[in-house]
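S.K.: Quick one, fold the following:
(one chain, ligands or ions: 1)
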Amino acid sequence: MSVQTDQAAGTTPENGGLPRTSREIQLAARPTGAPTAEHFSLVEKPIQELTDGQILVRNTWMSVDPYMRGRMDDRPSYIAPFQLGEALEGSAVGEVIASKSADIAVGSTVSHFAGWREYAVLDAAVVTPIDTSLAATHHFLGALGTTGLTAYAALTDVARVNPGDTVFISAAAGAVGSVAGQIAKALGAAKVIGSAGGPAKTRLLLDEFGFDAAIDYRAGDLAGQLAAAAPDGIDVYLDSVGGEHLRVAVDAIRPKGRVALVGAISGYNGGTGATGPDLYKAATREVSLRGMLVNSYFPIFGEYVGKAAAWLADGTIRTTETVYEGLEQAPAAFLGVLSGANTGKMLVRLG
Ligand code: NAP
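M.R.: Coordinates of the predicted model:
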């Protein structure tokens, strides 16, 4: 990763102790296949003056997410590509340190989409104040953030869990998966099976997140392991992985089963050549496979946060986080979330 700095760094008494520059991570080059540190640069830039209606946020936590890999490519998608030589973006939370808005006071904590930088000048209208009395700030990027909402929407709407169901969840030790397993139990699932990479993660599924069975997909024979865990098949599958996981899950699904197509991380760095699911089997078993984007559930975000904060407080949902320290570590954290370096939500602490 290259590093560029601006001449006028630092804070001065003349500007009330406010910072004059902010460091940000920019896209330096587009990867072919797996990204590396060379695809990012750390750049220091002046912070622009606030105009009416704007606030200055000191970011304290930022999220790195697998979908960001797709934004490194220059191709049409549901979300615009990152631009070369410009800051990346993504979910972050921070403290308001200056305000020219009557709506957002200095000292408030807000969530927004200008991550990958230390400070952000934002229109007050695009930030969401967060209630830090509900839970620690970082939870608003995880269990109380979009990954939690994704898990909830997937299992209550996209592939609805009914009491007594057998539920299978992939990437189960990650942010969406670990919360999803616990929500499935709260919804009355009789058996929740998770798949994750390696024995440490499968142990965590059983000991920490309350899964009934755990599969180490890296040990091989995914179909055999799933058949052993669910001899009578599964009713619901939350797919974060695609490829072989999706094929094996559809093979194991019972009539009228439901699949939430949440992600396909096994293919994010390019084609894996994995065979897709047997759609004729899906047809004859009247299985539904439904895609989802969490953005469609933003109208219920507030309602979800209230419910999930109570679940966090009463222990229905337990979380773990993998935290990288400092903006310069953000690319490493992002590369790590793609390769499984995280358990629970992958986060970068900025201050
Ligand atoms: P995460 O699960 O915390 O992190 C990704 C995990 O994927 C890694 O920790 C790794 O765990 C696993 N993984 C990587 N390559 C894999 C492979 N080839 N096969 C199996 N597992 C693999 O990430 P997240 O933020 O919670 O996202 C999970 C999925 O949900 C992603 O596919 C993401 O794109 C999707 N998502 C979708 C929406 C939506 O709106 N549709 C919203 C949020 C997230 P292991 O060590 O276990 O391999």
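S.K.: Just the helices from the stretch 201-350 of the chain, written as ranges.
M.R.: With helices called from DSSP state H, counting those that start in this stretch, the stretch 201-350 of the chain shows them at 222-229, 243-251, 279-284, 301-314, 330-339.
S.K.: Summarise which helices and strands the shortest one is packed against.
M.R.: Taking 3 or more C-beta pairs under 8 Å, 6 or more residues apart in numbering; DSSP states H and E as contact, the helices and strands that helix 279-284 lies on are helix 243-251. No exception for glycine: its C-beta is placed from N, CA and C like everyone else's.
S.K.: Show me what the helix it packs on packs onto, helices and strands only.
M.R.: With contacts defined as 3+ C-beta pairs under 8 Å, 6+ apart, the packing partners of helix 243-251 are helix 222-229, strand 234-239, strand 253-261, helix 279-284.
S.K.: And the longest one, how far out from the chain middle?
M.R.: Taking the mean C-alpha point of strand 253-261 and that of its whole chain, the gap between them comes to 23 Å (C-alpha atoms, centre = their mean, to the nearest Å).
S.K.: helices and strands around that strand, which ones?
M.R.: Contact partners of strand 253-261 among helices and strands, from 3+ C-beta pairs under 8 Å, 6+ apart: strand 234-239, helix 243-251, strand 288-291.
S.K.: Now do it: everything it contacts.
M.R.: With contact meaning C-beta atoms under 8 Å, 6 or more residues apart in numbering, strand 253-261 is reached by 154-155, 158-160, 166, 232-239, 246, 249-250, 282, 285-292.
S.K.: Now the buried members of the residues you listed.
M.R.: Burial by neighbour count, judged by 16 or more other C-beta atoms under 10 Å, picks out 154-155, 158-159, 166, 233-239, 246, 249-250, 282, 287, 289, 292 from the contacts of strand 253-261.
S.K.: ok, residue 203 touching residue 216?
M.R.: No - between residue 203 and residue 216 there is no contact under C-beta atoms under 8 Å: 9.6 Å.
S.K.: higher neighbour count, those two?
M.R.: Each of residue 203 and residue 216 has its neighbours counted (other C-beta atoms under 10 Å); residue 216 has more, 18 against 14.
S.K.: Which residue comes closest to that one once chain neighbours are left out?
M.R.: In space, and not counting its chain neighbours, residue 216 is closest to residue 202: 4.9 Å by C-beta to C-beta, 6 or more residues apart in numbering.
S.K.: Good, we can wrap up now.
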